[in-house]
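Student: Attaching a predicted model along with its sequence, questions to come.
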Amino acid sequence: MQSSSFLHKVRTRTGHLLAYLRSLFTNGYFWMGLGALFAVLLVAYVLFNALIMPMYTRHDATVRVPAVTEQPYEEAQRVLTDLGLEVEQIAQRFNPEIPRDVVIEQSPVQDALVKPGRRVYLTVNTGEIPKVKMPRVEELSVREAEAQIKALGLVVNDTRPDSIPSPYANTVTRQDPAPGEWIQKGESVTLWYSTGLGDRYVRIPDVSGLTIDEAKRTLLNRKLRSVLLGRETEYEGLGEATIVRQSPDPGTSVREGFEVRLYLKEE
């Protein structure tokens, strides 16, 4: 009995709902209101997408980069910042044909279209030739030495065979300028290289008790090379240090260019 009453109520309410929906969908005012709401939403979307968003993101805003090369750096900086661009000086180079502190290059280039706030990189002329420290290239192959020198902006002017033989053919035996010397970029460097051991034999002189400099000169006079045990840089400035032992022993017959090992007095 209760179940039949419940089903009757459900059917009644369902019928009322369907009747209401039929009357709503056939009501002209309902569709007019729905159309007006849709139109308002469409207009709001168009305005937001076409006006508000571009103003916020500056999607369509561009700046044409002016030419600032050959202008003083301060003037170029002012021109760019007035257009809403940022400026950064990334490097300095030397160009003898352009005055000091004048812009040599710019990136982005002239007439490029960029967004406001874009960073523009300016390369400025230093007005003086930069200097580099001459590396030690002795004992390197000629090819490797030339590559290191050229990478520093220096020029290998000449490579010459060394008059004093050396055990390792095609390796650098001497250099000019000397290692550690500060020189201007573009300067010339001369290298001497080994042609290998000589054909003549000489006897090793006794250099024990001599200073490093004296021992080296004595051996070079016999066309013999010398090597200090350990890294040679450890002995820089110790030209007056005394040789206490050598190998091979004095009187040993070797080919010209042979390396004689020299031992310093241990502290």
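Tutor: Happy to help now that I have it.

Student: got a list of what Glu181 touches?
Tutor: Neighbour list for Glu181: 133-134 [criterion: Cβ atoms under 8 Å, 6 or more residues apart in numbering]. Placement of C-beta: from N, CA and C, glycine included.

Student: repeat for Val103
Tutor: Contact partners of Val103, counting by Cβ under 8 Å, 6+ apart, are 68-73, 76, 122-125.

Student: Try it again at 7 Å.
Tutor: For Val103, the contact set (Cβ atoms under 7 Å, 6 or more residues apart in numbering) comprises 68-71, 73, 76, 122-124.

Student: Out of those, list just those in strands.
Tutor: Residues of the contacts of Val103 located in strands (DSSP state E): 122-124.

Student: List buried members of those residues by neighbour count.
Tutor: Neighbour-count burial (16 or more other Cβ atoms under 10 Å) is assigned, among the ones in strands among the contacts of Val103, to 122-124.

Student: Out of the residues you listed, the closest to Tyr201 would be?
Tutor: If you rank those by distance to Tyr201 using Cβ to Cβ, Thr123 comes first, at 59.3 Å.

Student: what's the spacing between the closest one and Val79?
Tutor: Using Cβ to Cβ, to the nearest Å, Thr123 is found at 16 Å from Val79.

Student: what about the stretch 151-267 of the chain, any weak spots by pLDDT?
Tutor: Scanning the stretch 151-267 of the chain for pLDDT under 70 picks out 230-240, 266-267.

Student: Show me where it has its strands.
Tutor: 155-161, 172-176, 182-184, 188-193, 201-203, 225-228, 243-247, 253-255, 259-264 (DSSP state E, counting those that start in this stretch).

Student: Any chance of CSV for those, columns distance to Tyr45 and mean neighbour count?
Tutor: Converted to CSV, these look like this (distance: least, Cβ to Cβ, whole Å; neighbours: other Cβ atoms under 10 Å):
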stretch, distance to Tyr45, mean neighbour count
strand 155-161, 67, 12
strand 172-176, 75, 19
strand 182-184, 66, 13
strand 188-193, 71, 18
strand 201-203, 97, 13
strand 225-228, 83, 18
strand 243-247, 92, 16
strand 253-255, 93, 14
strand 259-264, 86, 18
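
Student: Adding distance to Lys115, write those strands out as TSV.
Tutor: Shown next, in TSV, are the strands of the stretch 151-267 of the chain (distance: least, Cβ to Cβ, whole Å):
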stretch	distance to Lys115
strand 155-161	43
strand 172-176	52
strand 182-184	41
strand 188-193	47
strand 201-203	75
strand 225-228	62
strand 243-247	71
strand 253-255	72
strand 259-264	65
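
Student: The ones you listed: which one's closest to Leu140?
Tutor: Closest approach to Leu140 among the strands of the stretch 151-267 of the chain (Cβ to Cβ): strand 172-176, 5.5 Å.

Student: Any buried residues in stretch 210-224, and which?
Tutor: Across stretch 210-224, burial judged by 16+ other Cβ under 10 Å covers 210, 212, 215-216, 218-219, 223-224.

Student: nope, stretch 111-130 is what I meant
Tutor: Going by neighbour count (16+ other Cβ under 10 Å), the buried part of stretch 111-130 is 114, 118, 120, 122-125.

Student: and of those residues, the nearest to Lys150?
Tutor: The nearest member of the buried residues of stretch 111-130 to Lys150, counting by Cβ to Cβ, is Thr123 at 21.4 Å.

Student: any idea how far the residue nearest to the closest one when sequence neighbours are not counted is from Tyr121?
Tutor: In space, and not counting its chain neighbours, Thr123 is closest to Glu105: 4.1 Å by Cβ to Cβ, 6 or more residues apart in numbering. As for Glu105, its distance to Tyr121 is 8 Å (criterion: Cβ to Cβ).

Student: and what of Leu154?
Tutor: Distance from Leu154 to Tyr121, counting by Cβ to Cβ: 27 Å.

Student: same thing with Asn170?
Tutor: Taking Cβ to Cβ, one finds Asn170 at 43 Å from Tyr121.

Student: Check Leu113 too.
Tutor: To Tyr121, Leu113 is 17 Å away according to Cβ to Cβ.
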